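Q: Please find the sequence and the predicted model below.
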Amino acid sequence: MAEQREQTADDAMMTRIGQVVMLHHAGDREEARDRYLGLWAEIGEDGDPLHRCTLAHYMADAQDDPDHELAWDLRALSAAQGLTEARLALHEQSLALRALYPSLHLNLAADYVKLGRPEAARSHLTQARAVVGALGDDGYGDGVRAAIARLETRVAAMSPGRDEGSGRGSAGGEPLGPPRRSS
């Protein structure tokens, strides 16, 4: 009975996060940020790692300031490091734990590019590339692999000490990070 209540609460939180993701994708960044923050306060800094990882992963996309985006992506990675395969298995739409890491490191690399920090970007691209084999052969996996390749090309053109500015996205209008899974 307690396990069933826990599963219901888990599903409810993931649904609530998914609802805010839809609001954000519909274009209401400010309202989405406010709702994400409300959920973050409810979950807490020491709350369920899956909820923290998922929420921080999406909250990063709602940020206007690249420093804030980096902070949320770092929170997502930190929470992922507290996840176990057993915890992920409790959520019916779970990913394999190792499949989270290419995307998380790619997001961080993209953040560091926006902040003009090519060495930090290279480090996270190396980490993303090292675990890319965990991705499936599907649209999401293909999208993450393609985003890694695009960002590697961009970072290769950056001088180690040159500040590239903090413009959002790439010159071609494509986002720097990976595609996001919908909750």
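A: Received the coordinates, thanks. Bear in mind the structure is a predicted one, so any value in this text is a computation, not a measurement. Numbers count the residues shown, from 1 in each chain.

Q: could you point out which element follows the lowest-mean-pLDDT helix or strand in the chain?
A: Least confident element among the helices and strands of the chain, by mean pLDDT, DSSP states H and E: helix 85-90 (a mean of 64). Moving toward the C-terminus from helix 85-90, the next helix or strand (DSSP states H and E) is helix 97-114.

Q: Tell me the buried residues in that following helix?
A: Neighbour-count burial for helix 97-114 flags 97, 99-114 (criterion: 16 or more other CB atoms under 10 Å). For glycine as for every other residue, the C-beta is placed from the backbone atoms N, C-alpha and C.

Q: Stretch 20-30 now?
A: Within stretch 20-30, judged by 16+ other CB under 10 Å, the buried ones are 20-21, 23-24.

Q: Now it - C-alpha only, PDB.
A: Presented in PDB, the C-alpha positions along stretch 20-30 are these (Å, rounded to 0.1, in the frame of the first residue of the first chain):
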ATOM      1  CA  VAL A  20       4.800  23.100 -16.900                       C
ATOM      2  CA  VAL A  21       7.000  21.900 -19.800                       C
ATOM      3  CA  MET A  22       4.000  22.200 -22.100                       C
ATOM      4  CA  LEU A  23       3.300  25.700 -20.800                       C
ATOM      5  CA  HIS A  24       6.900  26.600 -21.500                       C
ATOM      6  CA  HIS A  25       6.900  25.100 -25.000                       C
ATOM      7  CA  ALA A  26       3.700  27.100 -25.700                       C
ATOM      8  CA  GLY A  27       5.800  30.200 -25.200                       C
ATOM      9  CA  ASP A  28       5.100  31.400 -21.600                       C
ATOM     10  CA  ARG A  29       8.700  31.300 -20.200                       C
ATOM     11  CA  GLU A  30       8.000  33.600 -17.300                       C
END
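
Q: mind checking pLDDT for the residue nearest the centre of the chain?
A: Centroid-nearest residue in the chain: residue 57, 3.3 Å away (criterion: CA atoms, centre = their mean). pLDDT, residue 57: 94.

Q: What spatial separation is found between it and residue 116?
A: Between residue 57 and residue 116 the computed distance is 23 Å (CB to CB, to the nearest Å).

Q: Could you do residue 62 as well?
A: Going from residue 62 to residue 116 by CB to CB gives 22 Å.

Q: With neighbour numbers in mind, choose between these two.
A: The neighbour comparison of residue 62 against residue 116 (other CB atoms under 10 Å) goes to residue 62, with 23 against 17.

Q: picking up where we left off before, hang on, the residue nearest to the centre of the chain packs against residue 104?
A: Yes - look at residue 57 against residue 104 with CB atoms under 8 Å: they come within range, at 7.3 Å.

Q: Which residues are in contact with each of the two?
A: Counting by CB atoms under 8 Å, 6 or more residues apart in numbering, the contacts common to residue 57 and residue 104 are 73, 76.
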